[in-house]
Each structure stands twice: as structure tokens, then as C-alpha cells.
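# I would like to see how this sequence folds:
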Amino acid sequence: MRKSKLERGINTAWIYEGYIKSEEDVEKILSVPYEPLEVDATPIQEAAELLGDKGVVATGFGDPICNCADLYTLRNFALVASRRGDTMRKLLKFFSERIEDFTRQLAEQCSEVLFRIVGPEYVTPPILSPDLFEDYVVRYDRRLVRIIKDSGNIACVHCHGKIGTVIDGMGRIGPHVLEPVEPPPGGDISLAQIKDKIGNGTCLMGHIQHNDLEFRTPDSIRTMVRSNIETGGMGGGYIAFPTARPYASVSERLLRNYEEVIATVNRYGKHGRR
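Next comes the predicted model:
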């Protein structure tokens, strides 16, 4: 049984007891037989038809490492992943077949839908060493990306935090889109550096820190967003987007800054369009 805590007015949950507490629990998970689901993409198809050419429909799911992490508290996950690679690889294999089958079934029923893959941030500093990124993330997520691409959909990898040490691995995964590319100090690599590393093949989405939207003035937001467009949008391939949704209630300043982002993109967003 997993136990978590919610705080009033805060849009997150704190897990303080995970499903897995021992190696015996691991074996119980691994003993669950695989019974493939029949995936029905009708809600996504209906949303795409309703939206038409006014936007892009998105869906998302956790990758194998995300599903592994969800079985533990964050502390215990980090300890097992760093010290018991054999256990983690068994769990990754357990989830990878299921997630690939789900992704394939869903993707075959969709077209030009954005598939958001969540989980790689669990294998970035300070949670885990980037030395594990190839083994725990790249080998699994690049297969998911290939399934999505081959079906004519849009593959997006979501990874908060310090991605500078794993940016080459992100390139090997090869998504259409990488987000939210957090600026320092939340991140550890500039937009220009990411653009130089993988920007030729991957669209960068984000780089507008939520806390900046919460606390900075509209004038400074305008300057920041314009700078992002000039750096990330050179030659195309940048989407201005917040790095997170609101954690609590939407303040007047946050709403005003959201409006400023939209206004700035509308004014300068054609820069470098391909």
C-alpha cells in the first residue's frame, strides 16, 4: 500500500510510504502476469476533430523509469537505483513491454497527436548520477520515441531540472520536442547551449520559469520571452511555454504575466520561422 499526503491549496502530493519496501515486494510486482489492454483512442480522436487546425492535441504517460520510481518513496528509489542495478533492470524490463504495447496501440489510432513521455528527470542530478542515464532511460525511451514517430505522431520528452549532463543522451533518444528546458539555476544549461547541442533535430519548449511568472514584472517577462525567441527561435524550433503549471491559486500577477507571454509571442514569434 502506498501512502501520500495532500496539502490544502497545493497542487501536488507527497509520497511518504511506497508500494515497495523490500525485495519480497519487488518479486510480488514482477510476478504479476501481463494481460495486454485494448486501448481505445476515441476521446483523443474526438478532441482532435473538435480542435481542428486551431492547435495540437496532447496525451502523455510515464516511461519505464517513471513507473519504477512511483513504486518507491523518492529516497528509497534513489538508493535502490544507485545500489541495486539488477533490481532496477528487472523492473524496467517489466514495465517496458507493457508501455511499448500501450504506446503502439494508442499511436496507431492517432495522427499528429503530441505524446508526452515523462520520467527521465529521475535520472538527473541531484537524484541519480547521469552515468545511469543511458542504461535506465535512453535504451527504453528511444524505442518509445520511434514508435510514436513511425505512426505519424509527435514525440515529446518531458524532463525538469539539470539536463546539461544528459543532453547528449537526449539527442540519442531523438524526440521531436524536449520540454521544459529549465533556465539556470533550476537548470544547468542555457537555451543557446541546448540549441547548439540538439536544436537541429529537436524543438525546444519552455524556458519560462514558473516562479518568474509568479514574481517578476510584466516588463521583465516581456524582455525574457523576447530573448528566448531570439535565441531559441533562430531557424525555427522553439515554443515559449511555462516550465510548470500553477502550484496553488492563480494570482493577479501570474495571470497578468501569462497574458504578457502570449502578447510577446504574438508580437515577436515569427522570428526565424521556417
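# in the sheet, who's paired with Ala155?
The partner list for Ala155 in beta bridges (DSSP bridges) reads Phe115.
# close enough to count as contact, it and Arg142?
No: using CB atoms under 8 Å, Ala155 is not in contact with Arg142, being 9.7 Å away. C-betas here are computed from N, CA, C, even on glycine.
# Looking at the two, which one has more neighbours?
Shown here are Ala155 and Arg142; by other CB atoms under 10 Å, Ala155 has more neighbours (27 against 17).
# ok, the more buried one to Arg2 distance?
Using CB to CB, to the nearest Å, one gets 30 Å for the distance from Ala155 to Arg2.
# now do Leu204
Separation of Leu204 from Arg2 (CB to CB): 34 Å.
# same deal with Tyr19?
5 Å.
# Give me the more crowded residue out of these two.
Each of Tyr19 and Arg2 has its neighbours counted (other CB under 10 Å); Tyr19 has more, 16 against 13.
# In three-state terms, label the more buried one for me.
coil (DSSP: H, G, I helix; E, B strand; the rest coil).
# tell me the contacts of it?
Residues near Tyr19 by CB atoms under 8 Å, 6 or more residues apart in numbering: 1-2, 25, 29, 71-72.
# can we see that at 7 Å?
2, 25, 71 (CB atoms under 7 Å, 6 or more residues apart in numbering).
# Identify the residues contacting the residue lying closest to Leu106 once chain neighbours are set aside.
Nearest residue to Leu106 in three dimensions, chain neighbours excluded: Val39, at 5.0 Å (CB to CB, 6 or more residues apart in numbering). By CB under 7 Å, 6+ apart, the contact set of Val39 is 102, 105-106.
# which of those residues has the most neighbours?
Going by other CB under 10 Å, Leu106 tops the contacts of Val39 with 22 neighbours.
# Flag every buried residue along the helix or strand harbouring that residue.
According to DSSP states H and E, Leu106 maps onto helix 85-108. Across helix 85-108, burial judged by 16 or more other CB atoms under 10 Å covers 87-88, 91-92, 94-96, 98-100, 102-103, 105-107.
# Show me what it is packed against.
With contacts taken as 3 or more CB pairs under 7 Å, 6 or more residues apart in numbering; DSSP states H and E, helix 85-108 sits against helix 23-30, helix 64-69, helix 74-83, helix 139-150.
# Quick one: mean pLDDT over the last one.
This points to helix 139-150. Regarding helix 139-150, the rounded mean pLDDT is 98.
# And for the first one?
The average pLDDT within helix 23-30 is 96.
# Taking helix 85-108 as reference, get the angle to that helix.
Angle between the axes of helix 23-30 and helix 85-108 is 20 degrees (criterion: axes from the mean of the first three to the mean of the last three CA atoms, to 10 degrees).
# Please pull up the helix or strand immediately following helix 23-30.
helix 42-51.
# now that next one, how far from the chain's geometric center?
Relative to its parent chain, helix 42-51 has a centroid offset of 22 Å by CA atoms, centre = their mean, to the nearest Å.
# For that helix, which outside residues touch it?
Residues from elsewhere that reach helix 42-51, judged by CB under 7 Å, 6+ apart: 57, 59, 109-110, 113.
# Taking those, tell me the two that lie furthest apart.
Greatest spatial distance among those (CB to CB): Val57 and Gln109, at 12.3 Å.
# just to revisit the earlier point, can you add secondary structure and distance to Thr264 and give the contacts of helix 42-51 back as a markdown table?
Compiled in a markdown table, the contacts of helix 42-51 are given as follows (DSSP: H, G, I helix; E, B strand; the rest coil; distance: CB to CB, whole Å):
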| residue | secondary structure | distance to Thr264 |
| --- | --- | --- |
| Val57 | coil | 25 |
| Thr59 | strand | 28 |
| Gln109 | coil | 37 |
| Cys110 | coil | 32 |
| Val113 | coil | 28 |
